[in-house]
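Trainee: predicted model and sequence below, questions to follow.
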Amino acid sequence: MRRVGTRAEAHAIAEDHLRGMGSNEPLALLDMATQEHAWGWIFFYSSRRFVETLDDRYGLVGNGSLLIERGTGRVWPLGTAHGVEHYIDNYTRTGDPHLEPGRTVALLGSTAGADAVSAIAVIRSLSDAPLPEVKRIVASCLAGRTARVEARDRESAERMAAALAKCCFRARCEADTSGR
């Protein structure tokens with residue numbers, strides 16, 4: 001992987017990826033459809049003939065798009081089972097476009113003004129963790145260590161991560177890897 005910070009650099013990485021796909025049909029990026037996000041870019045592609053003519057007869061069927069990470073240049077080929085927004089949502093929540101958010105909430109740190117009492121109340125209301133464990137989790141996070149807690153369900157995990165952010169804690173739902 002190489003460092004990437006600009007759309008032009010990401011574009012070059014996406015083109016390199018297309019050349020390496022081994023397609024019988026020459027491929028090209030649909031530049032007008034490219035999406036830019038804080039974390040990277042989504043590039044769409046089709047046959048070169050379609051890109052040049054925009055004639056549907058030459059369009060590919062069943063091809064996904066490419067997510068290029070800003071900073072790392074990592075290429076994530078996206079699937080076609082869901083719309084691109086599904087993969088973007090998974091990526092922003094879990095760091096992997098193919099993994100669904102799970103019940104685990106990672107507390108990654110805190111910022112100035114972190115409210116430990118409110119964080120404890122949030123975690124207790126959305127998990128079955130006993131009070132001593134919740135206090136340990138919050139203290140660990142305040143000390144700069146990552147801590148994890150299981151919420152009752154996925155919805156509770158998302159509510160917990162959002163509520164912890166209001167208490168000045170950095171938290172995110174982790175991926176559900178049970179299906180992998």
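Mentor: In hand now; what should we look at?

Trainee: going by C-alpha atoms from here, please, whenever you check contacts or count neighbours.
Mentor: OK.

Trainee: if I look at R49, how far off is E100?
Mentor: From R49 across to E100, the span is 35 Å (Cα to Cα, to the nearest Å).

Trainee: more crowded one of the two?
Mentor: Taking neighbours as other Cα atoms under 10 Å, R49 and E100 compare with E100 leading, 21 against 18.

Trainee: just give me the longest strand of this protein.
Mentor: Identified as the longest strand of the chain according to DSSP state E is strand 101-110.

Trainee: quick one: distance of that strand to the chain centre.
Mentor: Relative to its parent chain, strand 101-110 has a centroid offset of 14 Å by Cα atoms, centre = their mean, to the nearest Å.

Trainee: show me what it packs onto, helices and strands only.
Mentor: Secondary-structure packing of strand 101-110 (3 or more Cα pairs under 8 Å, 6 or more residues apart in numbering; DSSP states H and E): helix 84-94, helix 131-142, strand 147-150, helix 154-166, strand 169-175.

Trainee: same for the next helix or strand after that strand, what does it pack against?
Mentor: Downstream of strand 101-110, the first helix or strand assigned by DSSP states H and E is helix 116-126. In terms of contacts (3+ Cα pairs under 8 Å, 6+ apart), helix 116-126 is packed against helix 131-142, helix 154-166.

Trainee: give me the number of residues near W39?
Mentor: Using other Cα under 10 Å, the number of residues around W39 comes to 14.
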